[in-house]
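Undergrad: Next one to model:
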Amino acid sequence: MHEKLNRNMTAALVAALFMVLIQLSPAQADDAGVEVRAVIEGLETSWNSGDMDGYLAAYRMDESMSLTFGNTVVQGWDKLNLLFRASYPDEARMGKFSIDSIAVTVLEDAAAVAYGNFTHVFEEETIIGGYTHVLKRAADGRWIIQHERTSRGEVIGSD
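TA: Have a look, this model is predicted:
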């Protein structure tokens, strides 16, 4: 019985040590947070310069990527690409987009959540809303958006 107890305790100790070793240091979490923040800020820069290719490059380019807004779920990068290019065919239709706040939580070395508020100004209306991005670190080390959830809050100037 003592031998079994010792094996269980040893296994638990090894598991606990492993968990301590794989956790991010505060400096690693800070670095990852800065990198994730740069991805989100890059969305604003790409959008406002009319660079749809640059904007869409921030998203995971496969069928596992998803976007949810209202009652709509867009599954896969190809569908996202088609939706955005049809909805925003030129820089004028894209309007101007600003990230008003960003908060980042690094979950582990390859996963993070970024969330906050945005303002999207179009000729006919201004939309104020919220967003959440789930990001994963790609094999090449870049952070990419795996899932996005947006919600509309206040709409100003719409009839």
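
Undergrad: Spell out, range by range, the helices that occur in this protein.
TA: Taking DSSP state H to define them, one finds helices in the chain at 2-22, 26-48, 52-56, 77-87, 91-94.

Undergrad: Least reliable of these by average pLDDT, please.
TA: The minimum mean pLDDT among the helices of the chain belongs to helix 2-22 (a mean of 42).

Undergrad: which residue is nearest the centroid of the chain?
TA: Geometric centre of the chain, nearest residue: residue 133, 2.7 Å, by C-alpha atoms, centre = their mean.

Undergrad: Please report how far the nearest residue to that residue once chain neighbours are set aside lies from residue 122.
TA: Once flanking residues are discounted, residue 133 sits nearest to residue 114: 4.6 Å by C-beta to C-beta, 6 or more residues apart in numbering. The way it works is simple: take the backbone N, C-alpha and C, and place the C-beta from them, glycine included. Distance from residue 114 to residue 122, counting by C-beta to C-beta, to the nearest Å: 24 Å.
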